[in-house]
Every structure is written in C-alpha cells, then in structure tokens.
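my questions concern the predicted model and sequence given below.
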Amino acid sequence: QKEVEQNSGPLSVPEGAIASLNCTYSDRGSQSFFWYRQYSGKSPELIMSIYSNGDKEDGRFTAQLNKASQYVSLLIRDSQPSDSATYLCAVYFGNEKLTFGTGTRLTIIP
Amino acid sequence: SQTIHQWPATLVQPVGSPLSLECTVEGTSNPNLYWYRQAAGRGLQLLFYSVGIGQISSEVPQNLSASRPQDRQFILSSKKLLLSDSGFYLCAWSARGNQPQHFGDGTRLSIL
C-alpha cells in the first residue's frame, strides 16, 4: 500500500528559529512531491513543489528531496507566528491520485 | 490564471435529506477534478476523482456519488445524508501528469 508518513506533532518552534518538517513515503518510484499549508478551518494551500533530488528554495521555505532514502523535508527559516498551521506532505504514486500525509501541526512561539 | 469555485461555504442539513455540492474551475481545460472529505482534526480522505467528462472513480464505498456533466464542473451528491457525512468537503483540480492540486475554499457540512 502506498503511504506518506509525517509526525503529527505538535511541533513548537521559537519565533525566528528554523522549523524542520519531515515526511517519508513508501514508493521509491515516486516523481512528484508537494508541501501544503493548512490554517485551521481553511483549505490546503500549495507552498512548495519538488521533483528532483536536492534543495529547492522559495523565500523563507526550502524543500529537500532524497529519493534514495525516500524522504522529503520542508525547512522554514526565520519562523513567524503566521507560519503556525498544519503542514501536509503529498506524493503522487504514479496514478493521477495524490496521497497526503496526515499532517504536522506547527506552532511558532512568540 | 486558474480559479476554482466551490459553494456553499457552510451547510446545515437534517439526517436523510439530499445533498448537492458544486465545484467549477475557470482558466483551464480538461483538468483532473477531485472531491475530498476532512473530518475534524483528521487527514484528507479522497472520495472521488475524474479525468474527464462522465469519468468518475470512487475511492470509498458510501452513500455519496459524484458527476462531471461538463469539463470544468464537478458535483458531489447524496440522496440521503447520514450523521457520519458531516465534515469539511474540498474540491480540487490539477493539470494532467501528476501536477500539484489546487483546492477550493471548501464546504463545511453539518448534519443534524
């Protein structure tokens, strides 16, 4: 069975620090990986896409992909209280369906 | 640019009543369309997806159904709602080829 696993948290990080969120997936052949942010009561919002090994940076966000180890991570630099949300990792396992992890709840402490 | 519209934002329905939720996408053609449900404090559960008009794949056996009467319109229906149908219903679209999905604002459904 194709699975995406995340630590549910909560993960508490002081304001200004780096928040590190991790995700592992079960299929070595996966090619497309995404991070979504979901505020309480709102719909998920795409924040990062990554398709190849290595790092991809977008502002304060960096996605890291290691296909050999089957993990993808999200780093948030200079964490702000507005970053407090649930972060969902999502992976395509080769069919047109996206498999989501259950999400990591992140709290930034002022 | 592409936009996705989903309505209503909130809905309160009695047990046994019918349901119809609609989702439309603008600014793209031939999208993949998806219906998800998210129970309170839980993950996303894929209910239905569609890769074309009239093509519906069901992921979870239940009293819900979906239809795609037009290329950019996706409808979630039920003839008789159950208490367990309560939740946050999300419509999403993506381009073909394992592209990221983009979500509508969702409908919060409460069954009384």
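Received it, and whenever you're ready, just let me know what you need.

so where's chain B shaky on pLDDT?
B:61 (pLDDT under 70).

and chain B, which residues reach chain A?
Proximity of chain B to chain A is confined to B:32, B:34, B:42-44, B:46, B:49, B:51, B:59, B:90, B:94, B:96, B:98-106, B:108 under the rule Cβ under 8 Å from any Cβ of the partner chain. For the C-beta atoms, the positions are set from N, CA and C on the backbone; glycine is no exception.

try 10 Å this time
With Cβ under 10 Å from any Cβ of the partner chain as the criterion, chain B meets chain A at residues B:4, B:6, B:32, B:34, B:36, B:38, B:41-46, B:49-51, B:57, B:59, B:88, B:90-92, B:94, B:96-106, B:108.

which helix or strand contains the nearest residue to B:Gln55 once chain neighbours are set aside?
What sits nearest to B:Gln55 in space, not counting adjacent residues and going by Cβ to Cβ, 6 or more residues apart in numbering or on different chains, is B:Arg68, at 6.9 Å. Taking DSSP states H and E as the criterion, B:Arg68 maps to strand B:64-70.

that strand - contacts with which helices or strands?
strand B:19-26, strand B:32-38, strand B:44-52, strand B:55-58, strand B:73-78 (3 or more Cβ pairs under 10 Å, 6 or more residues apart in numbering or on different chains; DSSP states H and E).

deepest of those strands, which one?
Scoring these by mean neighbour count under mean count of other Cβ atoms under 10 Å in any protein chain shown gives strand B:32-38 as the most buried, with a mean of 24.

ramachandran coordinates for B:Leu83?
Its backbone dihedrals place B:Leu83 at phi -60, psi -40, with angles given as degrees, to the nearest 10.

and it, how many neighbours?
Residue neighbour count, defined by other Cβ atoms under 10 Å in any protein chain shown, stands at 9 for B:Leu83.

now A:Glu57
12.

over to A:Gln70?
Look at A:Gln70: counted by other Cβ under 10 Å, it has 15 neighbours.

next secondary structure element downstream of the helix or strand bottoming out on mean pLDDT in chain A?
Among the helices and strands of chain A, strand A:98-100 carries the lowest confidence by mean pLDDT, DSSP states H and E, at a mean of 92. Toward the C-terminus, strand A:98-100 is succeeded by strand A:104-109 as the next helix or strand (DSSP H and E).

show me what that following strand is packed against.
On the basis of 3+ Cβ pairs under 10 Å, 6+ apart, strand A:104-109 makes packing contacts with strand A:11-14, strand A:19-25, strand A:71-76, strand A:85-92.

go with 6 Å
Helices and strands touching strand A:104-109, as assessed by 3 or more Cβ pairs under 6 Å, 6 or more residues apart in numbering or on different chains; DSSP states H and E, comprise strand A:11-14, strand A:85-92.
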